[in-house]
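Colleague: A structural model of the following input is requested.
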Amino acid sequence: MSATGINLRSLFQLQTLTKISVNYKKTSSYRFSLVVMSSGSAESSSLNRPRQVIKNVLAESQHEGDGAIVRRSIGRPELKYLDPFLLLDEFTVTPPAGFPDHPHRGFETVTYMFEGAFTHQDFAGHKGTINAGDLQWMTAGRGIIHSEMPVSEGINHGLQLWVNLSSKDKMIEPKYQELSSKDISRAENDGVEVRIIAGESMGIHSPVYTRTPAMFLDFTLKPGSFFFQSIPESYNAFVYTVEGEGIFGELNSTPVLAHHCLVLGPGDGLSVSNRSSKPLRFVLIGGEPIGEPVVQYGPFVMNTQAEIQQTFLDYQYCKNGFEMARHWRSR
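Modeller: Have a look, this model is predicted:
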């Protein structure tokens with residue numbers, strides 16, 4: 001799996017396993033007023049630079065792992081990279097398919113389950129099961145080899161996001177943050193429910209620590225509801241639609257159906273409305289751009305080609321973070 005390419009303020013063009021060139025592109029700004037529903041009260045807010053949808057990518061199905069099917073949006077040719085995000089997959093897996101033993105270095109994986117359950121185990125002895133509504137935020141750092149396999153006999157459905165690490169953090173020791181569904185904070189107001197996986201919404205903050213400053217919010221809007229969510233202006237941000245249909249950005253936009261990734265332009269927030277007769281579910285994800293060269297080969301993400309070549313040697317000879325791989329196999 002590879003993902004190298006585009007920043008919402010900058011267009012990155014990959015030069016095979018070398019540095020990335022940057023061309024800056026400005027988008028026009030808009031000015032209007034709307035009603036913001038927040039923390040149970042209504043207040044008027046004048047938005048100087050509301051975010052608009054500047055790119056819409058349909059997540060198309062492809063095979064990954066051992067017989068698994070994923071819908072990939074970030075990481076496709078149309079959207080190689082959205083700094084600091086390397087990849088977004090919506091996976092739907094039924095046993096015996098899954099993701100057997102494989103390595104990572106230089107970034108973080110965020111796994112969020114919608115339905116079913118996945119068991120994770122790695123060469124350092126960490127093992128656990130992520131059930132529906134649970135979250136695992138894994139910092140691969142200098143090296144992890146692990147497996148991710150479905151537990152439920154039926155459909156196992158969720159999202160996996162890859163978040164890049166800055167050069168100073170790429171070789172840190174691996175670390176896990178895991179939250180069960182009951183421990184993920186929720187807020188609700190006027191037909192809008194949000195699960196706060198990372199960042200803040202409706203005045204509630206997530207306890208998840210993000211080395212790269214980021215937000216990850218899971219929204220459900222009932223029919224007829226509207227919401228405005230603040231986004232730090234320095235963040236790159238996108239929406240991924242999970243089910244239903246919604247209006248994002250401009251109020252007269254065409255409704256967007258499920259399985260679309262919407263890259264958002266500059267601004268200080270997102271407006272969304274559900275004018276359909278069914279619930280709308282989507283995730284809003286944003287993060288501070290790292291602004292460093294990205295060189296990726298499959299599950300290894302570094303800053304230079306020389307670092308990628310060294311990673312291959314480390315993996316092959318079980319050293320510099322991969323020592324425990326020599327005699328380990330998942331069970």
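Colleague: Apart from its neighbours in sequence, what residue is nearest the most centrally placed residue in the chain?
Modeller: Closest to where the C-alpha atoms of the chain average out (C-alpha atoms, centre = their mean) is L161, at 3.4 Å. Spatial nearest neighbour of L161, chain neighbours left out: V110 (4.3 Å); criterion: C-beta to C-beta, 6 or more residues apart in numbering. (C-beta placed from N, C-alpha, C; glycine too.)
Colleague: and G191, how many neighbours?
Modeller: The number of residues packed near G191 is 16, by other C-beta atoms under 10 Å.
Colleague: Run through the residues that contact the residue nearest to it when sequence neighbours are not counted.
Modeller: Leaving out its chain neighbours, the residue that sits closest to G191 by C-beta to C-beta, 6+ apart is S225, at 3.4 Å. S225 makes contact with 190-192, 273-274, according to C-beta atoms under 8 Å, 6 or more residues apart in numbering.
Colleague: just S181 next, same as before
Modeller: By C-beta under 8 Å, 6+ apart, the neighbours of S181 are 131-134.
Colleague: And for the closest residue to S73 other than its chain neighbours, the neighbour number?
Modeller: The shortest distance from S73 to any non-neighbouring residue, by C-beta to C-beta, 6+ apart, is to C261 (3.4 Å). By other C-beta under 10 Å, 25 other residues sit near C261.
Colleague: didn't C261 look like it was pressed against V57?
Modeller: Yes: using C-beta atoms under 8 Å, C261 is in contact with V57, at 4.5 Å.
Colleague: Mutual contacts of those two, please.
Modeller: Residues within reach of C261 and of V57 at once, by C-beta under 8 Å, 6+ apart, are 73-74, 79.
Colleague: Y315: what secondary structure?
Modeller: With DSSP: H, G, I helix; E, B strand; the rest coil as the basis, Y315 sits in helix.
Colleague: Would you check how far apart it and G128 are?
Modeller: 24 Å (C-beta to C-beta, to the nearest Å).
Colleague: between the two, which one's more packed in?
Modeller: Neighbour count, other C-beta under 10 Å: between Y315 and G128, Y315 has more, with 19 against 14.
Colleague: quick one: contacts for that one?
Modeller: Y315 neighbours (C-beta under 8 Å, 6+ apart): 103, 105, 143, 300, 322, 325.
Colleague: how far away is it from G67?
Modeller: In this view, Y315 and G67 are 24 Å apart by C-beta to C-beta.
Colleague: now D101
Modeller: From D101 to G67 the distance is 15 Å (C-beta to C-beta).
Colleague: now N131
Modeller: Applying C-beta to C-beta to N131 and G67 gives a distance of 22 Å.
Colleague: same thing with V110?
Modeller: V110 is 23 Å from G67, where distance means C-beta to C-beta.
Colleague: Now do the residue nearest to G191 against F248, distance only.
Modeller: For S225 relative to F248 (C-beta to C-beta), the value is 14 Å.
Colleague: Next: L264.
Modeller: 8 Å.
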